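Asker: Sequence first, then the predicted structure, then my questions.
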Amino acid sequence: MNVTRGFTGRPRVPHPGLPPGQYDAGEDWPVLSAEVTPDLAPADWSFRIDGLVERPHTWNWDAAHALPASAYDGDIHCVTGWSKFGVRFGGVSLDAFFAVVRPHVSATHVVAASHTGYTTNLPLADVTGGRAWIVWEYDGRPLPSEHGGPARLVVPHLYFWKSAKWIAGLTLLDHDEPGFWEGNGYHGRGNPWEEQRYSGD
């Protein structure tokens, strides 16, 4: 009996932007949170930057929207293993907020805090230079609350736990200070291309 090869279907070619250990979530966007989704209306939302800055400042919804608009078009990667390609977030680059508060030269890290109390730490270099955004739109629509709406931090080049949902503020420090997941065994930085999932990776 002759067996003809090649009729078992074409093997799925991984997306060229897929980091090691990740899978393509396709149209899905899994909902993962460390806390209960808050009932937070845009009128009640605020965002503050303080710590090692010249001019600590708080923005309400309207003031944040008055800053120059910016968008992120690209990919996001979750530490649990999924990646999502071709996403579009609309909001404001963190650089526009930093231009108002003027970080001190001694600042090296930030702690991002949510309105729920969740925290995560990041090197300042990872949230400046067009690498991070405060966003309130996804695919041209208001960001759903289960995904961090009315507004969240987006730092797309790191695992997505670093992109704090329901963002309330950033505190600039001259040292690293672990946030919620980092204090529970997750990596301090979270680079998906280096599989920095857990402490010691």
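Answerer: Yes, it's here. Numbers count the residues shown, from 1 in each chain.

Asker: Need the residue closest to the centroid of the protein.
Answerer: The chain has Ser163 as the residue nearest its centroid, 2.1 Å off, counting by CA atoms, centre = their mean.

Asker: Report the separation between that residue and Pro16.
Answerer: Ser163 sits 23 Å away from Pro16, going by CB to CB, to the nearest Å. In this view, the C-beta of every residue, glycine as well, is placed from N, C-alpha and C.

Asker: Quick one: low-confidence residue ranges for this protein.
Answerer: Residues of the chain meeting the criterion pLDDT under 70: 1-15.

Asker: how about 80 then?
Answerer: Low-confidence regions of the chain, defined by pLDDT under 80, span residues 1-16, 32-35, 201.

Asker: Next, the buried residues of the lengthiest helix in the chain.
Answerer: Counting by DSSP state H, the longest helix found in the chain is helix 94-101. Buried residues in helix 94-101, counted by 16 or more other CB atoms under 10 Å: 94-98, 101.

Asker: how about the residue nearest to the centre of the chain, what does it touch?
Answerer: Residues in contact with Ser163 (CB atoms under 8 Å, 6 or more residues apart in numbering) are 76, 148, 152-156.

Asker: who are the neighbours in contact with the closest residue to Phe85 other than its chain neighbours?
Answerer: Spatially, and ignoring its direct neighbours in sequence, Phe85 is nearest to Asp75 (4.9 Å; CB to CB, 6 or more residues apart in numbering). Asp75 sits next to 17, 83-87, 156 when contact means CB under 8 Å, 6+ apart.

Asker: cool, Leu158 as well?
Answerer: Leu158 sits next to 122, 126, 189-192 when contact means CB under 8 Å, 6+ apart.

Asker: just Ala64 next, same as before
Answerer: Neighbouring residues of Ala64 by CB under 8 Å, 6+ apart: 47, 92, 134, 151.

Asker: Quick check, the first one in contact with Ala151.
Answerer: In other words, Phe47. Yes: if you go by CB atoms under 8 Å, Phe47 and Ala151 touch, sitting 7.0 Å apart.

Asker: Neighbour count for these two, which is higher?
Answerer: Ala151 (29 against 21; other CB atoms under 10 Å).

Asker: so that one makes contact with Trp136?
Answerer: Yes: in this structure, Ala151 is within contact of Trp136 by CB under 8 Å, at 4.5 Å.

Asker: sorry, back to before: selecting buried members of the contacts of Ser163 in ChimeraX, what would you type?
Answerer: With 16+ other CB under 10 Å as the criterion, this ChimeraX line picks the buried residues out of these:
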select :76,148,152,153,154,155,156
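
Asker: Looking at the contacts of Ser163, which are in helices?
Answerer: Among the contacts of Ser163, DSSP H puts none in helices.

Asker: re earlier: hey, what's in contact with both of Phe47 and Ala151?
Answerer: Shared contacts of Phe47 and Ala151 (CB under 8 Å, 6+ apart): 64, 134, 167.
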